[in-house]
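[1] Give me a 3D structure for the following:
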Amino acid sequence: MSDQNVRNAGFTSSGIRGGSLASSMMSQEARASGGGVHSGGPTSTLQEMGARGSTHSSGFTSSGISGGSLASHMMSQEARSHGGGIPRGGTTSTVQSISMGGKGGRR
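    Residues are numbered from 1 along each chain as shown. Okay, here's the model as predicted:
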């Protein structure tokens, strides 16, 4: 279900769907960074996974992050770079939230 949830949010194989949660995230992220969306951020990570249909195989599942997966590696790196915790709205938490059908911490 996680790949379908990512597509439902607007991250598709043909790009970000206009008027979707994905387009809203892209707009917010671009404004916050002065006009661009950074590689490795939530929007670019979700778009890559949505285009490939690889959310679940990367370890972001509807029941959580799979141990030993790319997702767990991302989570570990992000935690180290933030002093041990995963920030709300960060890449790992946003991708996991959307893969579970949530809004990625956005309203």
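[2] for the most far-flung residue of the chain relative to its centre, what are its contacts?
    Distance to the chain centre peaks in the chain at residue 83, reaching 20.7 Å (criterion: C-alpha atoms, centre = their mean). Taking C-beta atoms under 8 Å, 6 or more residues apart in numbering as the contact definition, residue 83 lies against nothing. (C-beta placed from N, C-alpha, C; glycine too.)
[3] So it versus residue 92, what's the distance?
    To residue 92, residue 83 is 15 Å away according to C-beta to C-beta, to the nearest Å.
[4] Could you tell me which other helices and strands the helix or strand hosting residue 31 packs against?
    Taking DSSP states H and E as the definition, residue 31 sits inside helix 21-32. In terms of contacts (3 or more C-beta pairs under 8 Å, 6 or more residues apart in numbering; DSSP states H and E), helix 21-32 is packed against strand 15-16, helix 42-52.
[5] From the rest of the structure, what touches it?
    By C-beta under 8 Å, 6+ apart, the residues outside helix 21-32 that reach it are 9-11, 16-17, 36-38, 41-43, 46-47, 50, 94, 98, 103-104, 106.
[6] Verify the stated contact: residue 38 with residue 44.
    Yes - counting by C-beta atoms under 8 Å, residue 44 is a contact partner of residue 38 at 6.8 Å.
[7] Have a look at the two and say which one is more surrounded.
    residue 44 (16 against 13; other C-beta atoms under 10 Å).
[8] re the thing from before, when you compare where the helix holding residue 31 runs with where helix 42-52 runs, what's the angle?
    Using axes from the mean of the first three to the mean of the last three C-alpha atoms, to 10 degrees, the direction of helix 21-32 lies 150 degrees away from that of helix 42-52.
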